[in-house]
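>>> based on what follows, work out the 3D shape:
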Amino acid sequence: MTFAKTLLTTFVLLYVTVASSALWADENQPMTDHSMHAQPEQMPWGVAGDASQVSRTIDLRMGDDMRFSPDTLTFKKGETVRLVLHNDGKLLHEYVLGTQKTLDAHAQMMLKNPGMEHHAAYMAHVKPGKTGEIIWTFNQSGRFDFACLIAGHYQAGMVGSIEVSE
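Predicted coordinates:
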């Protein structure tokens, strides 16, 4: 690994560690209120949504069989949705939106750091028997993905796809 890559990796891990320690300090604090952010970060797969703009709610189930149900979702460009994530298993699961490339990279980082805790508007960690949610605006058309990136879950096939049409 080159010095630049090592330095970049170290910086990213340090940033994630510092940012996540503040966010995870109180597990009873809701993790879905993104109103404290002045401007949501635009991602290639969309942007954090405003709850007042939700046009529909999608229920997703996560289980210890390492599957999502449903595992294929379709939206129209510009649609804001509430994704309600039900963990029906006995293990912690997460839901992370992204592209195949970003999910692959994140999954590799999770394998190297299995205890790493983090949070972003496009992900939710859901404890066994609990429910989480993401409010997301799909303002970019294309094919995107979602996955559980907890070490071993992604590798076992806990993935799904999203198609956003014009």
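>>> pLDDT weak spots in this protein?
Counting by pLDDT under 70, the chain shows low-confidence ranges at 1-38, 113-118.
>>> what ranges does this structure have for its strands?
For the chain, the strands defined by DSSP state E cover 47-48, 56-63, 67-69, 72-76, 79-87, 93-98, 123-126, 131-138, 142-147, 159-165.
>>> list the buried residues for the fourth one?
The neighbour-count check on strand 72-76 (16 or more other C-beta atoms under 10 Å) flags Leu73, Phe75 as buried. Using the backbone N, CA and C atoms, a C-beta is placed for each residue, glycine as well.
>>> residues contacting it, please?
Residues outside strand 72-76 that contact it (C-beta atoms under 8 Å, 6 or more residues apart in numbering) are Ile58, Val81, Phe138, Phe146, Gly160, Ser161, Ile162, Glu163, Val164, Ser165, Glu166.
>>> and for the third one?
Contacts to strand 67-69, defined as C-beta under 8 Å, 6+ apart, come from residues Leu60, Arg61, Met62, Gly63, Tyr95, Phe146, Cys148, Gly157, Met158, Val159, Gly160.
>>> ranking by neighbours, what's the top pick from those?
Scoring the contacts of strand 67-69 on neighbours with other C-beta atoms under 10 Å, the highest-scoring entry is Cys148 at 29 neighbours.
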